[in-house]
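S.K.: Sequence first, predicted coordinates after that:
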Amino acid sequence: GAGVSQSPSNKVTEKGKDVELRCDPISGHTALYWYRQRLGQGLEFLIYFQGNSAPDKSGLPSDRFSAERTGESVSTLTIQRTQQEDSAVYLCASSLGQGVKNSPLHFGNGTRLTVT
Amino acid sequence: AQSVTQLGSHVSVSEGALVLLRCNYSSSVPPYLFWYVQYPNQGLQLLLKYTSAATLVKGINGFEAEFKKSETSFHLTKPSAHMSDAAEYFCAVSDMGSNYKLTFGKGTLLTVNP
């Protein structure tokens, strides 16, 4: 079946512009995650959704970052007034939501964001 | 907060040689531990996991990992490397008190030479 789909795969934007990154999870997956991977760094947790609510937003680096999820499906990560330090690969993952012990995370291929 | 250390950002082996990718975690309580693999142009996928059952865990494609509490390690091994094993490997640990959040290491890129 279809996996996690992210779009766009690449995005180049000018400093100060807003960007929207989209994630389509696997159908039926109630849990959805956003991670960020900067060059040479590990995956950095941003936000976790269970259904349409986000019980853990603790990883969002600043108030320029926001995310929403509608219909227990598509999620959008928005970065306002982008800065050069926002350049990274943004990864989305989904799971059945039964805890990491029982429900592996399925990752998309990521969106590579470059802020010039 | 949990942390994961992967020794060696890049490991190169010959085809048929032993693969050893190192992972150490910081936790006073044995957590759940995972290895994920990212093949070229693909998303990360689960390779294997330790969830407090057997300390030697077998995964896909002949990989296995051993949980050693005394060494706070969860190293990944494969007796004989294949060209198709070339990928980036990430070790991850579950956060204490969380059943949903994983903390990932920086990854190790495995190159397999013919």
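M.R.: Yep, that arrived.

S.K.: Quick check: the gap between the residue lying closest to residue B:101 once chain neighbours are set aside and residue A:94.
M.R.: Leaving aside its sequence neighbours, residue B:101 sits nearest to residue B:95 (C-beta to C-beta, 6 or more residues apart in numbering or on different chains; 4.4 Å). Bear in mind the C-beta positions are built from the backbone N, C-alpha and C, glycine included. Counting by C-beta to C-beta, to the nearest Å, the gap from residue B:95 to residue A:94 is 18 Å.

S.K.: if we can go back for a sec, let me know whether the residue nearest to residue B:101 touches residue B:103 as I believe.
M.R.: Yes - using C-beta atoms under 8 Å, residue B:95 is in contact with residue B:103, at 6.0 Å.

S.K.: does the residue nearest the centre of chain A sit in a helix, a strand or a coil?
M.R.: In chain A, the centroid-proximal residue (C-alpha atoms, centre = their mean) is residue A:34; its distance is 3.0 Å. At residue A:34 the chain is in strand, as set by DSSP: H, G, I helix; E, B strand; the rest coil.

S.K.: And residue A:99, by the same measure?
M.R.: Recorded secondary structure, residue A:99: coil (three-state DSSP).

S.K.: Tell me which helix or strand the spatially most central residue of chain B sits in.
M.R.: Taking C-alpha atoms, centre = their mean, the centroid of chain B lies closest to residue B:35, which sits 3.6 Å from it. Secondary structure from DSSP states H and E places residue B:35 in strand B:33-38.

S.K.: Let me see the mean pLDDT of that strand.
M.R.: On average, the pLDDT along strand B:33-38 is 95.

S.K.: which strands and helices sit next to that strand?
M.R.: In terms of contacts (3 or more C-beta pairs under 8 Å, 6 or more residues apart in numbering or on different chains; DSSP states H and E), strand B:33-38 is packed against strand B:45-50, strand B:64-68, strand B:73-78, strand B:87-94.

S.K.: pLDDT below threshold where in chain A?
M.R.: A:1 (pLDDT under 70).

S.K.: Quick one: the strands in it, in order.
M.R.: A:5-7, A:10-13, A:19-24, A:31-37, A:43-50, A:53-56, A:65-69, A:75-79, A:88-95, A:106-107, A:111-115 (DSSP state E).
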